[in-house]
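Asks: my questions are about this predicted structure, shown below with the sequence.
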Amino acid sequence: MGTILLKQATLKGEQKDILIRDNRIEVISDSISLSAKREIDCTGKTIIPGLINMHTHSAMSLMRGISEDVPLREWLNNIWSIETHLQEEHIYWGAKLAVLEMIKTGTTTFLDMYWMLPQVAQAVEEMGIRAVLTYVFLDHFDVEKSEVQKAECKCLYDSSKEWNKRCKFGVSIHADYTVSKNTMVWAADFAKENGLILHTHISETHQEVLSDKEKYGMSPVAYYDSLGILDSNVIAAHALWLDDEDIDIFAKRGVTAVHNVNSNLKLGSGYRFRYGDLKAAGVNICLGTDGAGSSNNLDMRESMKTMSLLQKGWTGDTTTLPLNELMDVATLNGARALGIDTGRIEEGALADILLVDTRSEAFIPNINFESNFIFSANSSCIDTVICDGKIVMEGRKVPGEEQILQKADEMAWKLIKSQ
Ligand SMILES: [Zn+2]
């Protein structure tokens, strides 16, 4: 590794020099005169932490636009029929495409739920960002499938110890309508015993809540809790249709809730994510894009904008989700949930940094950087991305991007034609 010196960068409105040593931010000062291995002139650039996408299915980027204008159940059935044809090469190039898009739109860490983890891990390792890759349980209430998945999960967990330290292993329960009770409990116990993240889709649609109430006499959140699954390692994607009791359970158990605003809107699942009530209860709240099969892109900045507009729109309260909280939702809160020392530009933190170019019409006048970044600009303002102390994009160029575009396109068509 080595040293990178960021000269004359704007940090929270002030000009600063920032020294990165190895993979951490070592010094932030008005002026640093030290010869670093690499010095970057940051005139006109503002520094913010790398964004954290807390729910996605990376290799689904190959399925962008494949199933449009249909409800969630039909969408899932369409996707599942394509997924039966997935091979390792699809996953690898799909993940490369996803990570390329994430880097270009400023994401340096993501929480993934998908198949064939070694191929995704390889893509992430090569591209230089961070990820928690979760093994997904989806047994469709089939006992034989459940046993196969348990064995596969254990085996992959063991082999994940060889992964680069930027990649962590985790466990996912797809949802309570696709996974048997026995498997859900096993997955939760396995995650707890090994100190792993447990990720799941929960209360995404009204239908899901109604059906659990009919089947179990309680909401999905209460059902998970009755099985002893909910704990501070649980990251709940969607959490859209929560009642007051669900919010209390999340708060009591320390569960993190992840809003996936664009995907929820696109699939007609709803839009009344109870940010204000979750926040008041002390629940950690994060943001995700979901996979590109439903949200069509992995652009966190765009999701931040939609989330803010929607919160203000449906609650009629312009003070809800102020800019500083929105920045935390997309950075620090995710880092906290994943137990990774990132999401902040401070001495000692991991060096996961975006350099945002403010020399464009979207930032004139630059009275409020966060507001310009989220509401006025688009993600092409992100000029340079540093992750783990290494430059992964500079001047909007990512090494090897032409090959990734060509191979991913080839793989997507191959997958479509294999149906
Ligand atoms: Zn999802």
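Replies: Okay, I see it. Just so it is clear, the model here is predicted, and its values are computed rather than measured.

Asks: might you list the low-confidence residue ranges for the protein?
Replies: Within the chain, the segments meeting pLDDT under 70 span 1.

Asks: okay, now the domains of this protein?
Replies: The chain breaks down into these domains under automatic domain parsing: 3-48+344-390, 51-338.

Asks: which of those domains is buried the deepest?
Replies: domain 51-338 (a mean of 20; mean count of other Cβ atoms under 10 Å). (C-beta placed from N, C-alpha, C; glycine too.)

Asks: give me the distance between that domain and the centre of its chain.
Replies: Relative to the centre of its chain, domain 51-338 is centred 8 Å away, using Cα atoms, centre = their mean, to the nearest Å.

Asks: what's the nearest residue to residue 369 if we skip its chain neighbours?
Replies: Nearest non-adjacent residue to residue 369, counting by Cβ to Cβ, 6 or more residues apart in numbering: residue 46, 5.5 Å away.

Asks: what are the phi and psi values at that neighbour?
Replies: The phi and psi torsions at residue 46 (degrees, to the nearest 10) take the values phi -110, psi 140.

Asks: residues in contact with it?
Replies: Residue 46 sits next to 9-11, 355-356, 358, 369, 373 when contact means Cβ atoms under 8 Å, 6 or more residues apart in numbering.

Asks: ok, residue 50 touching residue 106?
Replies: Yes. Counting by Cβ atoms under 8 Å, residue 106 is a contact partner of residue 50 at 6.5 Å.

Asks: between the two, which contacts overlap?
Replies: Here residue 50 and residue 106 have 354, 385 as joint contacts, going by Cβ under 8 Å, 6+ apart.

Asks: which stretches of the stretch 301-419 of the chain form helices?
Replies: Assigned by DSSP state H, counting those that start in this stretch, the stretch 301-419 of the chain shows helices spanning 323-329, 332-338, 369-371, 401-417.

Asks: adding distance to residue 184, write those out as a markdown table.
Replies: Output for these, formatted as a markdown table (distance: least, Cβ to Cβ, whole Å):
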| stretch | distance to residue 184 |
| --- | --- |
| helix 323-329 | 28 |
| helix 332-338 | 20 |
| helix 369-371 | 39 |
| helix 401-417 | 30 |
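
Asks: how about the ones you listed, which one is nearest residue 138?
Replies: Comparison of the helices of the stretch 301-419 of the chain against residue 138 by Cβ to Cβ identifies helix 401-417 as nearest, at 18.9 Å.

Asks: that older thread, out of the domains of the chain, which is closest to residue 402?
Replies: Nearest to residue 402 among the domains of the chain is domain 51-338; the distance by Cβ to Cβ comes to 10.4 Å.

Asks: end to end on that closest one, go ahead and measure it.
Replies: Distance across domain 51-338, first residue to last, is 13 Å (Cα to Cα, to the nearest Å).

Asks: cool, and stretch 46-53?
Replies: Start-to-end, stretch 46-53 (Cα to Cα) is 21 Å.

Asks: that stretch: how far from the chain's middle?
Replies: That offset, for stretch 46-53, works out to 13 Å (Cα atoms, centre = their mean).

Asks: now the residue nearest the centre of the chain. Its backbone dihedrals?
Replies: Residue closest to the average C-alpha location in the chain (Cα atoms, centre = their mean): residue 53, at 2.1 Å. When read as degrees, to the nearest 10, the backbone of residue 53 gives phi -90, psi 110.

Asks: how about it: what's its closest non-neighbour residue?
Replies: Leaving aside its chain neighbours, residue 53 sits nearest to residue 110 (4.1 Å; criterion: Cβ to Cβ, 6+ apart).
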